[in-house]
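*Asks:* I'd like to go over a predicted model; first the sequence, then the structure.
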Amino acid sequence: IFKFLGAISVDLGQDRIKPYLPTILAPLYRELNSNYAEQDPTLKNLSQEIIELLKKLVGLEAFSLAFSSVQKQANQKRAMRKKQRALQTVANPDIAARRKLKRHKNKAETRKRKIESLRPMYKAKRHRSNALKDLAMVE
């Protein structure tokens with residue numbers, strides 16, 4: 001998709017690409033700013049190359065305006081999600097408590113995994129899964 005966006009932008013040219021610049025920059029910015037674990041470095045490099053191409057094609061001033069608007073929009077979305085999460089904690093404390101318990105459980109499992117990798121002879125006690133019990137119909 002990134003290659004397609006680059007090809008379309010080159011094909012459209014300088015004047016016709018300007019209205020679509022924020023739309024094209026949004027996925028590129030998201031890929032550059034992402035920090036998840038299994039990130040593909042080739043995608044990051046490709047998005048950086050396409051951003052450089054767009055910068056040369058459109059000019060620095062127009063590119064900067066579009067990029068800053070995309071950046072601002074992403075920050076607003078992030079802040080809104082954070083606010084929604086905080087409001088949900090107040091509105092639905094039971095859901096928030098469940099989420100917190102899940103987070104703590106995952107943290108403990110991660111800690112156990114890390115200890116096992118550092119000391120292979122040590123086996124941490126694992127929580128036994130009650131998957132069959134959970135699936136059973138309880139009246």
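*Replies:* Arrived safely, thanks for sending. Remember, it's a predicted structure, so these values are computed and weren't measured experimentally.

*Asks:* average pLDDT for the helix or strand hosting Lys107?
*Replies:* Element membership for Lys107 (DSSP states H and E) is helix 93-118. Computed over helix 93-118, the mean pLDDT rounds to 90.

*Asks:* Can I get stretch 51-68 as CSV, trimmed to CA atoms?
*Replies:* Taking C-alpha atoms only, stretch 51-68 is exported to CSV below (Å, rounded to 0.1, in the frame of the first residue of the first chain):
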residue,chain,number,x,y,z
ILE,A,51,7.8,10.8,3.1
GLU,A,52,11.1,12.1,1.7
LEU,A,53,9.7,11.7,-1.8
LEU,A,54,6.6,13.6,-0.9
LYS,A,55,8.7,16.3,0.8
LYS,A,56,10.7,16.8,-2.5
LEU,A,57,7.5,16.6,-4.6
VAL,A,58,5.3,19.1,-2.8
GLY,A,59,7.8,21.4,-1.1
LEU,A,60,8.8,21.7,2.5
GLU,A,61,6.2,24.3,3.5
ALA,A,62,3.1,22.5,2.2
PHE,A,63,4.5,19.2,3.5
SER,A,64,5.1,20.6,6.9
LEU,A,65,1.6,22.0,7.2
ALA,A,66,0.1,18.7,6.2
PHE,A,67,2.4,16.6,8.4
SER,A,68,1.7,18.8,11.4
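
*Asks:* List the contacts of it.
*Replies:* Residues outside stretch 51-68 that contact it (C-beta atoms under 8 Å, 6 or more residues apart in numbering) are 6, 9-10, 13-14, 17-18, 21-22, 24-25, 28-29, 32. Every residue, glycine included, has its C-beta placed from N, CA and C.

*Asks:* Pick the one among the residues you listed closest to Arg78.
*Replies:* Nearest to Arg78 out of the contacts of stretch 51-68 is Tyr29 (C-beta to C-beta; 12.2 Å).

*Asks:* rewinding a little: other SSEs contacting the helix holding Lys107?
*Replies:* Judged by 3 or more C-beta pairs under 8 Å, 6 or more residues apart in numbering; DSSP states H and E, the packing partners of helix 93-118 are helix 60-91.

*Asks:* In the helix it packs on, which residues are buried?
*Replies:* Buried residues in helix 60-91, counted by 16 or more other C-beta atoms under 10 Å: 62-63, 66-67, 70.
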